[in-house]
Each structure stands twice: as C-alpha cells, then as structure tokens.
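[1] Structural data only, the sequence is not supplied:
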C-alpha cells in the first residue's frame, strides 16, 4: 500500500532532493509525495484528501507557519503524524514543536540518511496506530451489533426496538397518530426443536425472519425479541384496523410450510396486538402489553390474533407466577400420581391403570391438569415432569406386579406430549427404567395424541418403531378429535385406540355420534387394534359400548382416579374376589 507524504516547505531545493532521494520508492509506488509551500496550502490538500500518512513541514513559511499547521492537524486526522524539518533547531523551537504535536524534529541542512530513517520510523508508527484504530472500530461495531442485533437472524433485537420506539415518539405525537406492536410466537417451535433438532429449529427461525422482512419491506421495524418470538412496530398508523390487517398478512406469509432439509414444517403463529395512542405509552409497557395479548391468543388456540385489554396483564402475571411455581413444584416434588383403572368388557377385570399427574400447590391447593399441562408444554418443563411421571408409574407397576403376581397381565398407561416424544432422552430414560425395575416393555403403554403424530408423521414413525422394538405399546389418545386421517393407522405401529370421551358422552343420544363410533370400532377390529373408551359414566353407555365390541373402558362409572393406596386396595379386593 502506498504511503502518502505531504512536504510543506517554500524552498524548491527540498522538493528536488526528496524526489531524487526516494526515486526508487516513488517508481515502485511505495511512496507518493505531494508538495505545498505553506500551511494554508497544506491544509487545503489535507482536507481535500484524507489519505495522507505523514507531513514533513518547515517552521518558517509565509501566510501560515509550521507551528500553526501542527495545531490544525489533529482535527483533520488524529493518527496523522508530522516531522518538523527546520534550520531553527534550537531547544526552545524543538520543545514548542513537540508540544504542538510534532512526532520528530530534523534540523537543516538535512542528513539524508537520518531523513530516511525518520520517515520509515514515523510511517511505521502511523501504520500501527491506524491498525489499532481499525481494530478498535471493528470491535466497537461488533459490540454495537451484539447489543442491538440478533446474531442468528440478523434482525434488530429488543434493545434496538425499544430505542427506535423511544426516538420515534415525538413524530407520533406531532402527527396525532397511533402506534402498534404486533408480538408473535411460533406455536409449534418447541416440538420442532425436540423432533428435528436445534439446528433445523434455528433454520426455521431464520426462514420466518426472512419472510417477515419480505412482507414488511416498508414497515418501521421487525425484531426478534425471544427464542421464537418476533415483534413488529407499526409507527404512525391511522386506525387499529391497519394493525389487524397487518397481523392477517403476517399469518398468510407464514402459513406456507417451510422446507427444512426435506421436512415440511408449518409455522402457525399466535399474535398479540397492543395499540398506543399519540405516543403516550412507554415502549416497554407497549411491548409487555402485546406479549400479554399474544399469550391470550395462544390460550385461545387456532392461531388466534388478540388485541390487548387491561385484564390480560393480570392474567399474564398469573401465568408467569404459575410458570415459576411449576418450576418450583418439580424441584420440590409437589406432584403426585393418581391411577384410574382400565377395565375389560370381556372379563370385567382390571387390566391396567392410567397414570395421571396431580399438583398440590402449597397455597392454591389442587391445580387442574388442564391449567398446568399447557404451561409445562409451552415452557419445556413438560420434559422434566414427564420423566418424573414415567419413573413413578413404572416403579409403581413393577411393585404391583410383585405384590399381585396372580393378577396378570396388568399394564400401565402414561401420557406423552409431543415434546416428550421427540426429546432425545426419552429412549435412554425408558431403557434405564425397564432395566432397573426388571419390567417388560409389553406392560407399558404410552398414550400419544393423533395431532402430534400427524404433525410430525415421519419423525414420529421412527420413534414409534424404536418403542415397538422394546415391545412398548403405543396408544392413540383422544382418537377422532384431531386429524382423523385413517390411513396412518395402517402405516404407524399403533396398538390401541382410545376413544375420546366426547363420543362416549353423547352415546345415549344416538344419531351420527353412534354411527361414527360404530365405524371406528369396526375399523379398529379389522386392523386388530385394541380399543379403550374413556369417560364412561353410565350403565347405558357401558351397555352400548359392549354391544359395539369395544375392548375396555375407564371412567367414573367404575372408579374415579385413585391414589396409590386406593389403587392397591382395589387390586386387593379384586384378587380376593377372584380367589373366591
């Protein structure tokens, strides 16, 4: 790289000497010299061309002397260095020159050898200084990028979003308009992460970010504000309908499945909207309100969009508290299991139990599974909770088989969420439990909803085959309430269909529910699948199900879920009755 040197001197002889002395470096473009006859001309050249590395200047010159020139150099370029070349080499002049920023001082007549050494030394100093400055600038830029941008997607992050919202408030107030935040999360991100792995989950996030950017080309700001959460700031909108229209366009932009290394993944989203009137809302409050509305949308399901109202904030705080309490509950072992008997229509005997997680909160008392299970799934705590349930259930079944050796076969059903099914530790954990408790896999039945299987059919089939290799049975839970795509019953290694209670509860009314149930039972029979009806509560339901050929049932008609002591008492009574 060529070093550019400006020589400031009103003696023509110096220009001639320098051009002769450095003719080789000039011809090889190692050095490039420019010349000025005074400080004014030198400043003009420096301001017009900011690429100079070194200034050689005399002191005594017309219009502007060298000492004045030295004072002006730092404002042009702090890394630019000057060497004074003067006949006035007395100590006061040298001290004055150095105090005004000179890097070195050479006296006339010039020692040409000394001049070469000084120029090379000064250029090297400037090179190192600029190199360090560039490194510092790069580091500062990287720090700023990390502070304000998301490394994975390249989108602005929460910090930049809030910063831009604060700086834009005056404009919103002046215009008398609205601003809105759209807060969205991917409903199935956790399942994708556990089934396809972190790499493809991140690939999905990048794909979503690119689609949002393509859709919102003229929008104010799109930011990634959480693991699978994005926020869109709409500035200066004139009415709330524009925010709702934007949410619908986002949904359409994301509803086309993403291709992640050959696997099609759908990205349904829950969207919350918070509106701020004429810039009165603090950015943090507006973002928090949009998140609360997003949570409400998630609870409502079916890829909802919800506009914030005041009641949502308190409900969101309750959910946050519930999440914290749930984490503590797992750590403090506040959970316990109930067991609901499963009874054979043919023999009337108990053939198994379904293990059901229960939570006794220290202040709220019993918390409904319908309340804490969705929270556990959303936060990923379902994996730890599920491992505990599976451990307790297997240990209990092993104990009962030893306690009631004549009452076999006796199996245990355990529910698995989609996240649990695809968790990498599921199979190793299961193998360990079966080995430690000396239990055969055929006595364990894992219940999985059909929606989980259909949303990730290819990955699910692989896991189910590995379960089948361990002789663990697979039960399709809540059958008939989800996709109801009957073709997969032949393709997936399923052993049992569990008929949803919604079919059972309407049996007495007859009509299409009865016809549909009869078709399901006939299909299961032809495929040699076991069937279990849940939610049986009346004698009439029992009679109809038996007549239709259902294999087993569970429900309040026979027994409510029991604690371990109650289940043991029931098995003891059944054993005594059998002996009699």
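    Looks like it arrived, so ask away. For clarity, every value in this text was computed on a predicted model and none was experimentally measured.
[2] Let me see the contact set for the nearest residue to residue 443 once chain neighbours are set aside.
    Closest residue in space to residue 443, ignoring its immediate chain neighbours: residue 411 at 4.7 Å, by Cβ to Cβ, 6 or more residues apart in numbering. Just so you know, the C-beta spots here come from the backbone N, C-alpha and C atoms, and that holds for glycine as well. Counting by Cβ atoms under 8 Å, 6 or more residues apart in numbering, residue 411 makes contact with 351, 352, 353, 397, 442, 443, 444, 445, 473.
[3] Same check on residue 342?
    Residues in contact with residue 342 (Cβ under 8 Å, 6+ apart) are 350, 351, 352, 353, 354, 413, 532, 552, 553, 554.
[4] Mind listing the residues bridging to the closest residue in space to the first one that isn't next to it in sequence?
    This means residue 350. Counting by Cβ to Cβ, 6+ apart, residue 350 lies nearest to residue 341, which is 4.8 Å off, once chain neighbours are set aside. For residue 341, the beta-bridge assignment (DSSP bridges) gives partners residue 353.
[5] how close does residue 341 get to residue 373?
    22 Å (Cβ to Cβ, to the nearest Å).
[6] pLDDT-wise, which helix or strand of this structure ranks last?
    Here the helix or strand of the chain ranked lowest by mean pLDDT, DSSP states H and E is helix 169-175, holding a mean of 66.
[7] Would you mind identifying the next helix or strand past it?
    As assigned by DSSP states H and E, the chain's next helix or strand after helix 169-175 is strand 178-186.
[8] Neighbouring strands of that next one in the sheet, and parallel or not?
    strand 229-237 (antiparallel), strand 269-277 (antiparallel).
[9] Let me know the average pLDDT across that strand.
    For strand 178-186, mean pLDDT is 89.
[10] C-terminal to it, what's the next element?
    Next element after strand 178-186 (DSSP H and E): helix 189-196.
[11] So what touches the helix or strand following that following helix?
    Downstream of helix 189-196, the first helix or strand assigned by DSSP H and E is helix 198-215. Counting by Cβ under 8 Å, 6+ apart, helix 198-215 makes contact with 152-155, 186, 189, 192-193, 222, 224, 228, 230, 232, 249-250, 253-254, 258, 260-261, 263, 265, 267, all of which sit outside it.
[12] Just the buried ones from the residues you listed, in PyMOL syntax?
    Listed next is the PyMOL selection for buried residues among those, using 16 or more other Cβ atoms under 10 Å:
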select buried, resi 153+155+186+189+192+193+222+224+228+230+232+250+253+254+258+260+263+265+267
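[13] Narrow the contacts of helix 198-215 to those in helices?
    Assigned to helices by DSSP state H, the following of the contacts of helix 198-215 qualify: 189, 192, 193, 249, 250, 253, 254.
[14] Which residue ranges of the stretch 451-580 of the chain form strands?
    Using DSSP state E, counting those that start in this stretch, the strands of the stretch 451-580 of the chain run over residues 473-479, 496-499, 530-534, 552-554.
[15] Can you spell out which helices and strands pack onto the second one?
    Pointing back at strand 496-499 there. Judged by 3 or more Cβ pairs under 8 Å, 6 or more residues apart in numbering; DSSP states H and E, the packing partners of strand 496-499 are strand 473-479, helix 511-526, strand 530-534.
[16] Helix 511-526 and the last one, what's the angle between them?
    By that I understand strand 530-534. Orientation note: strand 530-534 sits at an angle of 150 degrees relative to helix 511-526 (axes from the mean of the first three to the mean of the last three Cα atoms, to 10 degrees).
[17] Just the mean pLDDT for strand 530-534, thanks.
    Taken as a whole, strand 530-534 has an average pLDDT of 93.
[18] Now do it: everything it contacts.
    Here strand 530-534 makes contact (Cβ under 8 Å, 6+ apart) with 342, 475, 495-501, 503-504, 520-521, 524, 541, 545, 549-555.
[19] Count the neighbours of the nearest residue to residue 319 once chain neighbours are set aside for me.
    Excluding its sequence neighbours, the residue lying closest to residue 319 (Cβ to Cβ, 6+ apart) is residue 295, at 6.2 Å. Residues near residue 295, counting by other Cβ atoms under 10 Å, number 21.
[20] Same question for residue 438.
    9.
[21] Does it touch residue 398 like I think?
    Yes - counting by Cβ atoms under 8 Å, residue 438 touches residue 398, with 6.7 Å between them.
[22] so who does the residue nearest the centre of the chain touch?
    Per Cα atoms, centre = their mean, the C-alpha nearest to the average position across the chain is that of residue 227, at 1.9 Å. Applying Cβ under 8 Å, 6+ apart, we find residue 227 in contact with residue 189.
[23] ditto for residue 552
    342, 343, 344, 345, 351, 352, 530, 531, 532, 533 are the contacts of residue 552 under Cβ under 8 Å, 6+ apart.
[24] Of the contacts of residue 411, just the buried ones, ChimeraX syntax please.
    This is how ChimeraX selects the buried members of the contacts of residue 411, with burial counted by 16+ other Cβ under 10 Å:
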select :351,352,353,397,443,444,445,473
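[25] Quick one: the contacts of residue 411 as JSON lines, columns for distance to residue 337 and pLDDT too.
    Converted to JSON lines, these look like this (distance: Cβ to Cβ, whole Å; pLDDT from 0 to 100):
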{"residue": "351", "distance to residue 337": "18", "pLDDT": "93"}
{"residue": "352", "distance to residue 337": "14", "pLDDT": "93"}
{"residue": "353", "distance to residue 337": "9", "pLDDT": "96"}
{"residue": "397", "distance to residue 337": "11", "pLDDT": "95"}
{"residue": "442", "distance to residue 337": "21", "pLDDT": "93"}
{"residue": "443", "distance to residue 337": "16", "pLDDT": "94"}
{"residue": "444", "distance to residue 337": "14", "pLDDT": "96"}
{"residue": "445", "distance to residue 337": "15", "pLDDT": "95"}
{"residue": "473", "distance to residue 337": "19", "pLDDT": "94"}
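[26] Need the contacts of residue 411 in TSV (columns: distance to residue 311).
    Output for the contacts of residue 411, formatted as TSV (distance: Cβ to Cβ, whole Å):
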residue	distance to residue 311
351	47
352	43
353	40
397	45
442	50
443	48
444	44
445	42
473	45
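[27] how about the contacts of residue 411, which pair is most distant?
    The span of the contacts of residue 411, defined through Cβ to Cβ, is set by 353 and 442 at 15.5 Å.
[28] which stretches of the stretch 351-500 of the chain have low pLDDT?
    Where the stretch 351-500 of the chain drops to pLDDT under 70, the residues are 454-456, 480-488.
[29] how about the helices in it?
    Ranges of helices in the stretch 351-500 of the chain, per DSSP state H, counting those that start in this stretch, are 369-379, 382-403, 418-422, 426-436, 450-455, 457-469, 488-491.
[30] List of residues touching the fourth one?
    In other words, helix 426-436. For helix 426-436, contacts defined as Cβ under 8 Å, 6+ apart pick out 387, 390-391, 394-395, 416, 420, 439-441, 444, 463, 466-467, 470, 472.
[31] Any of those residues buried? List them.
    By 16+ other Cβ under 10 Å, the contacts of helix 426-436 give 387, 390, 391, 394, 416, 420, 439, 441, 444, 463, 467, 472 as buried.
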